[in-house]
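just a sequence and a predicted model for now, questions to come.
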Amino acid sequence: MNIKIESNCLFSVSAIHYSATGELCITLNSDNTSPEGRYQYTASLGSGQAEEKPTISLLQYAKAFAASANVKYKTKDSYRLMCGHLEKYGDIPIDKVTTPYLQDFILNLQSEGLKAGTVRLYFQKLACVLHDAYKNGLFDDRILQRVKRPKREQEKKSFLSENELKKLTKHQLSDEYNNIQTMFLFSCLTGLRFSDVQGLRWKDVKRNGKHLLLEFLQQKTDTHERLPLCGEAEALLRGVKRGGEFVFRKETNQRVNVVLKRWCKEAKIRKTVSFHSARHTFMPNRLTQVFSHGHSMMCLTVPCGLKSSAKAL
C-alpha cells in the first residue's frame, strides 16, 4: 500500500513501528524551521490518515508556561531570567531533553558565577516547566529525577545584638535616609519581611486598648496576620509622617542594602548586614519582648527627627 502526503516541506523517515494489533506506523520528520517549530508527522496504515503533532522547543514551552502561570510578579521574573539563561545555553525540542542536558545546564549556570541559591532557584523553575510538560505527555519525568541538583549552602544568618542596635539608633545618617533607617529598625522590632514592610498600609495599623497592633496580609504566604507591637515599634510608627496609603515610601531592595552597609560602617559595626538581617535580629532569644502587654524589655532610642513629627494614632 502506498501513502501520499502532500506538503511543501521535505521529509525523512525517522521510525517504523509495528503495533501489537499488526498496524504499521511510519514517523516522518520535516526540515521546517519556521517560528512555529518543526513538525512531526505520523502516518498509520490502519487509519490511512496522517496525524500532525508540533514538536515544541523547551524554551517555547517554558515561556508559554511562565506567561500563563498564576504566580506573583517576582516569581514570573524568576521564570523570565531562567528563560534568558536557557536561551544562551542552547534550546532544543522538549522531547529531546536528556539528563546530561539538564546536568550541563546546571554547570553552565554555575560557570556564570551565580550563587548556589540562585542556581537552585532557576533549576527549580525549569523543573516546574518540565513537570507540567510531563502532565501533558510531552516529557519523561524519570529524566528529571536522575539529575543531581546543586546542594543548598549553609549560609550564616547575620543578626544584630542589642548593643549593635543601640549603636545604629544613636548614629543616624542624613534625613534623606530616614525612611530606610526607620523601615529597618521597625523590621528588627517586628520581624516583618521587606515585602511586608513595604506593603504595610495605615489601615493595617489598629488600636488595641492603649497600644497598637498590625492586621495585615503577609505577602509570601498570602495569609492574614495579627501582630501586637512593642513600645519601640509604636514609637517608630508615631514618628512617621502620613503621606499616602502606605506607611513607608517605596524603596528598592538594592538601594536599601547599600544604605544599610554605609550605616553599619559609620556606626562601626563590622558585619555584613542586609535588610533580611532584621528578621533574624527579631528572634525571641535576641529581643525579649512581652507581646501580651505590647511592651518591650529593650530600650532603644527613637531615630533622630522622628519624635518631633510624632502623631497620635
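Great, that's in hand.

for residue 144, grab the count of nearby residues.
19 (other C-beta atoms under 10 Å). In this view, the C-beta of every residue, glycine as well, is placed from N, C-alpha and C.

list the buried residues in the strand or helix carrying it.
Residue 144 belongs to helix 141-145 when assigned by DSSP states H and E. Neighbour counts over helix 141-145 (16 or more other C-beta atoms under 10 Å) mark 143, 144 as buried.

just checking, next helix/strand downstream of that helix?
Next element after helix 141-145 (DSSP H and E): helix 162-170.

in that next one, what counts as buried?
Of the residues in helix 162-170, those buried (16+ other C-beta under 10 Å) are 164, 165, 166, 167, 168, 169.

would you mind writing the CA trace of that helix as CSV?
Extracted as CSV, the C-alpha positions of helix 162-170 are listed here (Å, rounded to 0.1, in the frame of the first residue of the first chain):
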residue,chain,number,x,y,z
GLU,A,162,21.0,44.7,71.4
ASN,A,163,24.2,46.8,71.7
GLU,A,164,24.6,47.0,67.9
LEU,A,165,21.0,48.1,67.5
LYS,A,166,21.6,50.8,70.0
LYS,A,167,24.7,51.9,68.0
LEU,A,168,22.6,52.2,64.9
THR,A,169,19.9,54.3,66.6
LYS,A,170,22.5,56.6,68.1
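
what angle sits between the following helix or strand past that helix and helix 162-170?
For helix 162-170, the following helix or strand on the C-terminal side (DSSP H and E) is helix 178-190. On the basis of axes from the mean of the first three to the mean of the last three C-alpha atoms, to 10 degrees, helix 178-190 is oriented at 150 degrees to helix 162-170.

counting contacts, what elements does helix 178-190 pack onto?
Where contact means 3 or more C-beta pairs under 8 Å, 6 or more residues apart in numbering; DSSP states H and E, helix 178-190 is packed against helix 162-170, helix 194-198, helix 231-238, helix 253-266, helix 277-281.

doesn't residue 206 fall inside a strand?
Yes: Residue 206: assigned to a strand according to DSSP: H, G, I helix; E, B strand; the rest coil.

I'd say it and residue 227 touch.
No: between residue 206 and residue 227 there is no contact under C-beta atoms under 8 Å: 10.1 Å.

now the spatially most central residue of the chain. Nearest residue, chain neighbours left out?
With the centre of the chain defined as its mean C-alpha position, the nearest residue by C-alpha atoms, centre = their mean is residue 75, 4.6 Å away. Nearest residue to residue 75 in three dimensions, chain neighbours excluded: residue 69, at 7.6 Å (C-beta to C-beta, 6 or more residues apart in numbering).

do the same with residue 121
Closest to residue 121 by C-beta to C-beta, 6+ apart is residue 78, at 6.0 Å.

now do the same contact list for that neighbour.
Residues counted as contacts of residue 78 (C-beta atoms under 8 Å, 6 or more residues apart in numbering) are 121, 122, 125.

would you say the last one is within a helix?
Right, residue 125. Yes: secondary structure of residue 125 (three-state DSSP): part of a helix.

neighbours of it, how many?
A count of nearby residues for residue 125, using other C-beta under 10 Å, gives 23.

that one against residue 79, yeah?
Yes: using C-beta under 8 Å, residue 125 is in contact with residue 79, at 5.2 Å.

got any residues that touch both of those two?
Common neighbours of residue 125 and residue 79 (C-beta under 8 Å, 6+ apart) are residue 66.

so for the residue nearest to residue 119 when sequence neighbours are not counted, what's the pLDDT?
Among residues not flanking residue 119 along the chain, residue 109 sits closest, at 4.5 Å (C-beta to C-beta, 6+ apart). Per-residue pLDDT puts residue 109 at 93.

ok, residue 109 touching residue 117?
No: the pair residue 109 / residue 117 is not scored as a contact, 11.4 Å apart, by C-beta under 8 Å.

with neighbour numbers in mind, choose between the two.
residue 109 (24 against 12).

give me the element that one is part of.
Using DSSP H and E, residue 109 falls in helix 99-111.

contact partners of that helix?
Counting by C-beta under 8 Å, 6+ apart, residues outside helix 99-111 touching it are 85-86, 89, 92, 116, 118-119, 122-123, 126, 143-144, 146-150.

and the helices in the stretch 1-150 of the chain, which stretches?
Here the stretch 1-150 of the chain has its helices, by DSSP state H, counting those that start in this stretch, at 58-68, 73-89, 99-111, 116-135, 141-145.

can I get these in TSV including distance to residue 158?
TSV is the format used below for the helices of the stretch 1-150 of the chain (distance: least, C-beta to C-beta, whole Å):
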stretch	distance to residue 158
helix 58-68	32
helix 73-89	22
helix 99-111	24
helix 116-135	15
helix 141-145	34
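
so which of those helices is nearest residue 248?
helix 73-89 (18.5 Å; C-beta to C-beta).
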